[in-house]
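>>> based on what follows, work out the 3D shape:
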Amino acid sequence: MRDVVFEWYVPRVPDRKQQLIKAVIVFFVDAYFFAAIMLIPDLILAAVGFFLFRSWKIEYEYEYVSGDLTISKIIHKSKRKELFRGSRAEITGIERGRAARTGCAARDFTSNRANAPALTVFAGGEMLYVEPNDQFEEEMKRYYRF
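Sure thing, here's the model as predicted:
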């Protein structure tokens with residue numbers, strides 16, 4: 001039996017809201033150097049920012065092994081959480097891009113980059129947005145039209 005194994009990572013890019021929060025916190029931390037009265041708010045914001053920014057460093061790991069797809073989230077390269085596990089038999093369809101269907105819960109496992117290619121995988125009543133690599137796409141073309 002020929003086993004098929006693919007594994008790849010996709011780092012997530014902070015969205016506009018997260019970038020704005022980071023800019024505001026950095027502004028107040030920088031203000032410390034210019035105004036001593038800002039010391040207390042700066043220390044509070046620096047502590048909040050430190051822990052908040054660490055939790056924003058997210059990577060998604062996709063593993064496809066002989067028909068089983070596993071998606072995990074890696075936070076700051078130290079904590080791993082399995083988000084999805086399913087077999088090819090549970091996948092009902094695949095579409096290119098980010099499809100929208102009513103009655104399906106959408107889960108986004110992409111990098112959040114503007115021009116990143118995405119596939120919508122329909123599995124178990126859910127829509128999973130993933131960023132495929134070429135090998136995964138070729139394997140899925142064997143079983144699904146998209």
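
>>> now stretch 125-140: how far from the chain's centre is it?
From the chain centre to the centre of stretch 125-140 is a distance of 14 Å (CA atoms, centre = their mean, to the nearest Å).

>>> quick check: buried residues in the helix or strand harbouring residue 53?
Using DSSP states H and E, residue 53 falls within helix 39-56. Using 16 or more other CB atoms under 10 Å as the test for burial, helix 39-56 gives 42, 45, 49, 53, 56. C-beta coordinates here come from the backbone N, C-alpha and C atoms, glycine included.

>>> max pairwise distance over those: which two?
42 and 56 (20.1 Å; CB to CB).

>>> and the residue nearest to residue 128 when sequence neighbours are not counted, how many neighbours?
Leaving aside its chain neighbours, residue 128 sits nearest to residue 121 (4.4 Å; criterion: CB to CB, 6 or more residues apart in numbering). Number of residues near residue 121 (other CB atoms under 10 Å) recorded here: 27.

>>> following the helix or strand harbouring residue 121, which helix or strand comes up?
Per DSSP H and E, residue 121 falls inside strand 119-123. Counting by DSSP H and E, the next helix or strand C-terminal to strand 119-123 is strand 126-130.

>>> that following strand pairs with which strands?
Taking DSSP bridges as the criterion, strand 126-130 forms sheet pairs with strand 105-109 (parallel), strand 119-123 (antiparallel).

>>> wait, doesn't residue 109 sit right on residue 132?
No. Using CB atoms under 8 Å, residue 109 makes no contact with residue 132, being 10.8 Å away.

>>> need the overlap of contacts for these two.
residue 62 (CB atoms under 8 Å, 6 or more residues apart in numbering).

>>> counting by contacts, list what the lowest-mean-pLDDT helix or strand in the chain packs against.
Ranked by mean pLDDT, DSSP states H and E, the helix or strand of the chain with the weakest confidence is helix 39-56, at a mean of 83. Identification of packing neighbours for helix 39-56 by 3 or more CB pairs under 8 Å, 6 or more residues apart in numbering; DSSP states H and E yields helix 16-31.
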